[in-house]
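Student: got a sequence here, can you build the structure:
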Amino acid sequence: MAATGRATRELQMKSQKALQTATDPVERLRLACLARGANGIKGLARTFKIMDDDENRSLDQKEFRKGLHDYGLVEITKEQADELFGLFDKDGSGSIDFDEFLVKLRPPMSQARRNLIHKAFKKLDKSGDGIVTVEDLHGVYNCKKHPKYLSGEWTEDQCLRQFLDSFDSDDKDGKITQEEFENYYVGVSASIDSDAYFDLMMRNAWKL
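Tutor: Presented below is the predicted three-dimensional model:
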């Protein structure tokens with residue numbers, strides 16, 4: 001399921017420490033995101049998505065700089081932001097492809113881990129439309145043991161919505177796309193060194 005508090009804290013500490021010595025601009029941006037926890041990269045992706053007014057999934061230099069600033073990435077200077085933009089703008093067109101940028105920003109992850117993430121998403125996405133909602137979760141995620149459900153404070157739908165929100169970033173729209181799900185687990189994956197443990201965690205969490 002969602003990353004545990006301990007795993008998140010470990011990831012944040014590990015990333016903050018590595019950030020002090022990292023010199024590669026892409027690595028620095030990646031670590032600055034992960035220092036915000038498993039949701040870090042997903043949160044930045046969301047910030048850029050909101051800024052992409054014309055929905056062409058590309059960003060110019062000004063938008064790129066503004067996105068980093070709005071997300072609060074104070075670790076990245078204006079000079080580093082411009083250097084990063086130059087690295088991603090391979091063809092010198094003055095804009096970068098949003099999806100390519102995200103792929104490069106994600107920490108390297110083995111195909112085996114990626115397959116497990118896709119498998120889990122497929123299981124959640126009962127309607128098969130590429131978006132997971134509260135309706136999809138019925139019968140897939142059991143919240144009967146949730147303390148607030150047991151106390152009668154929350155309905156089943158409220159528990160399911162809270163569960164969905166743990167994968168979502170700031171706007172909490174009650175919908176999770178495969179991209180968001182993968183961006184979330186990329187962060188979790190970065191905090192787990194052992195492939196065997198990641199495999200076990202995913203299989204146990206999602207009954208794969």
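
Student: where exactly do the strands run in this protein?
Tutor: In the chain, the strands defined using DSSP state E lie at 58-60, 95-97, 131-132, 176-177.

Student: dump the residue contacts of residue 185.
Tutor: If you count contacts by C-beta atoms under 8 Å, 6 or more residues apart in numbering, residue 185 has them with 38, 113, 117, 120. Just so you know, the C-beta spots here come from the backbone N, C-alpha and C atoms, and that holds for glycine as well.

Student: tell me the one among those residues nearest to residue 49.
Tutor: Of all the contacts of residue 185, residue 49 sits closest to residue 38, with 18.3 Å by C-beta to C-beta.

Student: tell me the contacts of that closest one?
Tutor: 2-3, 7-8, 11, 184-185, 187-188, 190-191.

Student: and which of these is nearest residue 87?
Tutor: Among the contacts of residue 38, residue 190 lies closest to residue 87 (C-beta to C-beta), at 20.5 Å.

Student: so that closest one touches residue 12, yeah?
Tutor: No. Here residue 190 does not reach residue 12: they are 10.8 Å apart, not a contact under C-beta atoms under 8 Å.

Student: shared neighbours of those two, anything?
Tutor: With C-beta under 8 Å, 6+ apart, residue 190 and residue 12 have common neighbours residue 34.

Student: quick one, which of the two is more surrounded?
Tutor: Taking neighbours as other C-beta atoms under 10 Å, residue 190 and residue 12 compare with residue 190 leading, 22 against 17.

Student: return the residues in contact with the closest residue to residue 100 other than its chain neighbours.
Tutor: Nearest non-adjacent residue to residue 100, counting by C-beta to C-beta, 6 or more residues apart in numbering: residue 88, 7.1 Å away. Listed by C-beta under 8 Å, 6+ apart, the contact set of residue 88 reads 96-97, 100-101, 104.

Student: of these, buried ones?
Tutor: Among these, the ones that count as buried by 16 or more other C-beta atoms under 10 Å are 96-97, 101.

Student: tell me where the model's unsure across this structure.
Tutor: For the chain, applying pLDDT under 70 flags the ranges 1-5, 168-172.

Student: for residue 136, give me its contacts.
Tutor: Each residue near residue 136 by C-beta under 8 Å, 6+ apart is listed here: 124-127.

Student: any idea which of the strands of the chain gets closest to residue 80?
Tutor: Across those, residue 80 has its closest neighbour in strand 95-97 (15.0 Å, C-beta to C-beta).

Student: which residues are contacting the closest one?
Tutor: By C-beta under 8 Å, 6+ apart, the residues outside strand 95-97 that reach it are 57-60, 64, 85, 88-89.

Student: hmm, which two among these are most spread apart?
Tutor: Largest separation among those by C-beta to C-beta: 57 and 85, giving 15.9 Å.

Student: of those two, who's got more company?
Tutor: Per other C-beta under 10 Å, whichever of residue 57 and residue 85 has more neighbours is residue 85, with 22 against 13.
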